[in-house]
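S.K.: using only what follows, build the 3D model:
(chains A and B)
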Amino acid sequence: MLSVLVFLPLLVCAALALLPRGLGDRACAWIWISTAALELALVVVLWSGFDAGGGMQYEQRARWIPSAGVGYHVGVDGLSLPLVALTCLLFLAVAVYSLREYRRVRSYVCLFLFLQTVSTGLFVALDLILFFVFFDLSIVGMFFVIAGWGHGERARAAALQFFLYTFVGSLALLLGFIGLYLAAEPHTFDIADLARADPLAGSGPYAGLVLLAIGVGLAIKTPTVPFHTWLPPAHTDAPAAGSAILAGILLKMGAYGFVRIAMPLLPGSWREYALVIVVVGVVSVVYGALVALAQTDFKRMIAYTSVTHMGYVILAVGAAGTLAGTDLQARSLAVTGAVTQMVSHGLITGALFLLSGVLYDRGHTYAMDAYSGLAAHTPRFAAVTAVAAFAGLGLPGFSGFIAEFQIFTGSLASRTTATAIALTGIVITAALFLTALRRMFLGAPRLPGALASGGVADLRRHEALPTVALLALALVIGVLPRWLLDVIEPAGRALARLVAR
Amino acid sequence: MNDDIAALVPEIALLGAAVTGLLAGSWLPRSRQWIVAVLAAAACAAGLAATAVALAVDGEQTVFAHAFAVDTATGAGRLVVLVALLLVIGMSVETVRGHKRETEYWVLLLLTGAGTLALTGANDLLTLFAAYLLASVPAYALAGFAKDAPGTEAALKYYLMGALCGTTMLAGTAVLYGAGHATLYRELHDSLPAASYGLVAVGLVGVLAGLLFKAGGAPAHFWVPDLSEGAPAPVAACLTTLPKVGGLIAGYRLLHQALPGSDVNWPLLLAVIAAVTMTLGNLAAFFQTSVKRLLGYSAISQVGYLLMALAVATRTELAQRSLLFYLAAYAVTNLAAFAAVTALPRARTLDDYRGLAGRRPALAAVLVVCLLGLVGTPPTGVFLGKLEIFSATVDGGYPWLAALAVANTVASLFYYLRWLAPLFATAGVAPAAAHTGPRRWAAATAGAAAALSLALGLAGQAFLTPAEGPLLP
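M.R.: Down below sits the predicted model:
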């Protein structure tokens, strides 16, 4: 079942690549939408059959390269199922949004189908090498998306930087995985076996080095300060659909790596260096928010708020590794908050990036100064963007609030100062979103010089549908979160126990 | 005394085909010289069949007074060399068809292959040196096959370097013989630990010089870029791949079988050579504009990764299978890249590849697979090879070397991407003439080699199994 979910888009991608040249662009787009819809339906079936308290489910395990300790092992639990569902939903949203794409549509669709296989594969992988394969291929896929469909020649430079930078991270990760593999007896890359054996317990600096390698690898992908510098150019020059996937799904791969690999496999070192992780998280929150505040480019601003939002996740996982002055309930609350934040950020930022794509489509620039009083021309666009911005700043009633509330409650007892500093991030984020809304949507109507005034179209159906749907789900989670939290909480508790052992 | 000639079927098949081909070629009209190519391919196929049988029935043995070992490393080496030779034959078809010296080309190719096979099995210093000559002499002639200025320069450089390293190797052999009073590895294994430190060190360095020349490792790497650029593409493909397989397996066998007990700190020496080789190759490749020269420097950097396995030869059990697997994966990936270059004879610089994806999507796909493969991106074979070799290096106590290799891998990504990105360019596309060329054999070989490279990554166990097993003393 899981394997079907993972490899179905790849099969469609292969079939699409082999079909005769005569196939029209619209046909390709509709094949993509139907595949993505089918994937979403599959996830709904998976979710309905998922037993929240049952640990790892839908597991499949096969021998792959036994000599090298590599196996094909997939499964989902409460940490990964929400992210798998998010992946399928966001890819469907992007598919609908891309209905009007006109540049080399078939290759575009193939790349996104490939990326969907890679993303779902990563979230269900229970073998370090399988995880790594998908981790690396996500970089390759996104490189081609940015280089091929980004904004001009600049996009090539940004894509190259993105590839080089994140590739460094993936190789650091690989070194860390090798460290884990060699420590286990018998040598294995299987995550479940490694979590059970805890091979690096009590091995001191060696375990620290392994955590350093894995931590740097994941931190680059997440990204956290000081490894975030690839993010703004990659986002600014990527096409809107690419940005939505990059921010919504690919950034989660780093954060998910922390909860799936770093915490359960290196619990001792995780506890030992929890303070470092908390500090990195808090610095990311505050620095990301401050830099976002100073941006004049709408898309770049959203990119920096991603650093802030992922900083909350890092703060939470760091706090979950701090045993002093806290109990299991607080730590599992922090983990649950972290996973909820990943889902919430995927929904809200995915929508925001798609909206920024609409902005670029109309005005051919992201510069906020170029626009004013847009609400008069495009009321629907203004309304949806305002809702997304409010959701992004963590307004109660949206998923971001639920997530951040849990993170702060879970972290406060053990990391009081850090949590207090991180709270300022909320204030700054609120300020920057409100400023952006005021500059672009209110005031005297003005459009970028090149455009005839009044000639700007409002949100079209294929643009409104995906963004509104994503925000609606964020609202549902914000108002009725139990169906999601019931799935995440048992897994969060299990993880908190694993870290504390 | 075991003189079982049947153990040497692959070597004899190549040699027999070379002799028969040479005689037959003298009488064949020029339009029918392709028959020799068929004979060569048949000899490779026969060799592969014999190797498969030997692996299946555990036909491991040492023959001719233990001077030649037929064991795991030989078996795996034969598989790699013979498959590589088949691929080289495939990609050469259009380049030499109707050439007035076509037969000679096929014969020289077979002789190079036979010499390389002898290198992989050499279990004695004198056999090793004889195999070195057998593998080198036909290769010199191959390098200058085109008889044009760049080819002649490349051949001359290759020959001079080879002659110098060969002499050094012979001197080293003599010194080791003096130190250990034997040339058989199994006897050196026992006598070298008691021998004078200085003699063993000097002798080993001398022998390694020859093997490093074959592999193209620093400081004997100067011939690689010139040959890679000057020789015809299929020849460059052959000479950056086959001798590497022979030289590295021979080096591994020598270090593992003859020197495990010696005080000489050769693991550190090889670790340093590996570090220097990969770094030099990568740095020099950075701003190359000629694709063949870039592949030449990339070949040097890849030797650096391979030498890591030699450095930890006796320190971890992972060394052998990582070396053999990486060699297999590298051979097919490198050959795929060269086959793609052969299929585009008019595209010489990176700029000539701009927009290739639009005109020849299949070739562009091949290049994507093999360039990302050479970087070590999963799921290609080289990724699994790198994983194994990095694991072996960390396990063998050289984590700094593994970290350096990782840094080098990132650096190498830069120049491979400089080639890869223009393939998909939509602006400033190269003139259509640059993208014309033989569409049948060379392109098909490129596709087959790229598919093999992917298969090695996805089903790597198929080759890891024959790569595991003890060496015979």
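S.K.: on the pLDDT front, check residue 240 for me.
M.R.: Picking chain A for this. Per-residue confidence (pLDDT) for A:Ala240: 92.
S.K.: that was the other one, I meant chain B.
M.R.: B:Thr240 is assigned a pLDDT of 94 by the prediction.
S.K.: who are the contact partners of it?
M.R.: Neighbouring residues of B:Thr240 by C-beta atoms under 8 Å, 6 or more residues apart in numbering or on different chains: B:216, B:224, B:227-228, B:295-296, B:299, B:334, B:338. C-beta here means a position set from N, CA and C on the backbone, and glycine is covered the same way.
S.K.: swap the cut-off to 7 Å and go again
M.R.: Applying C-beta atoms under 7 Å, 6 or more residues apart in numbering or on different chains to B:Thr240 gives the contacts B:216, B:224, B:228, B:296, B:299, B:334.
S.K.: any regions of the chain where pLDDT drops low?
M.R.: By default, I'm working from chain A. Residues of chain A meeting the criterion pLDDT under 70: A:450-455.
S.K.: not what I meant, chain B
M.R.: Applying pLDDT under 70 to chain B flags residues B:1.
S.K.: which parts of the stretch 201-350 of chain B sit against chain A?
M.R.: Residues of the stretch 201-350 of chain B lying near chain A by C-beta under 7 Å from any C-beta of the partner chain: B:Arg321.
S.K.: the residue of the stretch 201-350 of chain B found nearest chain A: how many residues sit nearby?
M.R.: Closest residue of the stretch 201-350 of chain B to chain A, C-beta to the nearest C-beta: B:Arg321 (6.9 Å). Using other C-beta atoms under 10 Å in any protein chain shown, the number of residues around B:Arg321 comes to 25.
S.K.: next: A:Leu10.
M.R.: Number of residues near A:Leu10 (other C-beta under 10 Å) recorded here: 16.
S.K.: any buried residues in the helix or strand where it lies, and which?
M.R.: Using DSSP states H and E, A:Leu10 falls within helix A:2-18. For helix A:2-18, burial by neighbour count (16 or more other C-beta atoms under 10 Å in any protein chain shown) applies to A:2, A:5-6, A:8-10, A:12-13, A:16.
S.K.: tell me the one of these nearest chain B?
M.R.: Using C-beta to the nearest C-beta, these come closest to chain B at A:Leu10, 11.7 Å.
S.K.: which residue packs closest to that closest one, ignoring adjacent ones?
M.R.: Spatially, and ignoring its direct neighbours in sequence, A:Leu10 is nearest to A:Thr117 (4.1 Å; C-beta to C-beta, 6 or more residues apart in numbering or on different chains).
S.K.: any buried residues in stretch A:321-328, and which?
M.R.: For stretch A:321-328, a neighbour-count test (16+ other C-beta under 10 Å) marks A:321-322, A:326 as buried.
S.K.: A:Leu79 contacts A:Val339, correct?
M.R.: Yes: counting by C-beta atoms under 7 Å, A:Leu79 does reach A:Val339; the two are 5.7 Å apart.
S.K.: kindly tell me how buried the nearest residue to A:Leu99 once chain neighbours are set aside is, as a neighbour count.
M.R.: Take A:Leu99 and drop its neighbours on the chain: the residue closest to it by C-beta to C-beta, 6+ apart is A:His462, 4.4 Å away. Residues lying near A:His462 (other C-beta under 10 Å) number 15.
S.K.: A:His462 against A:Arg100, yeah?
M.R.: Yes: applying C-beta under 7 Å as the test, A:His462 and A:Arg100 come out as touching, 6.2 Å apart.
S.K.: max-length helix in chain B?
M.R.: Counting by DSSP state H, the longest helix found in chain B is helix B:149-180.
S.K.: would you mind listing the buried residues in the very next helix or strand once past that one?
M.R.: Reading on from helix B:149-180 to the C-terminus, the next helix or strand found by DSSP H and E is helix B:185-191. By 16+ other C-beta under 10 Å, the buried positions in helix B:185-191 come out as B:185-189, B:191.
S.K.: same deal with stretch A:264-280?
M.R.: Within stretch A:264-280, the residues scored as buried using 16+ other C-beta under 10 Å are A:264-271, A:273-274, A:277-280.
S.K.: separation between the residue of the stretch 301-450 of chain A found nearest chain B and A:Pro448?
M.R.: Nearest residue of the stretch 301-450 of chain A to chain B, counting by C-beta to the nearest C-beta: A:His364, 18.4 Å away. As for A:His364, its distance to A:Pro448 is 7 Å (criterion: C-beta to C-beta, to the nearest Å).
S.K.: ok, B:Ile12 next?
M.R.: The gap separating B:Ile12 from A:Pro448 is 77 Å, by C-beta to C-beta.
S.K.: the two: which is more packed in?
M.R.: Counted by other C-beta under 10 Å, B:Ile12 and A:Pro448 do not tie: B:Ile12 has more neighbours, with 18 against 14.
S.K.: related to what we said a few turns ago, so which of the contacts of B:Thr240 belong to helices?
M.R.: Short answer: these in helices (DSSP H) are B:224, B:228, B:296, B:299, B:334.
S.K.: can I get the buried part of those residues as one PyMOL selection?
M.R.: Per 16+ other C-beta under 10 Å, the buried members of the ones in helices among the contacts of B:Thr240 correspond to this PyMOL selection:
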select buried, chain B and resi 224+228+296+299+334
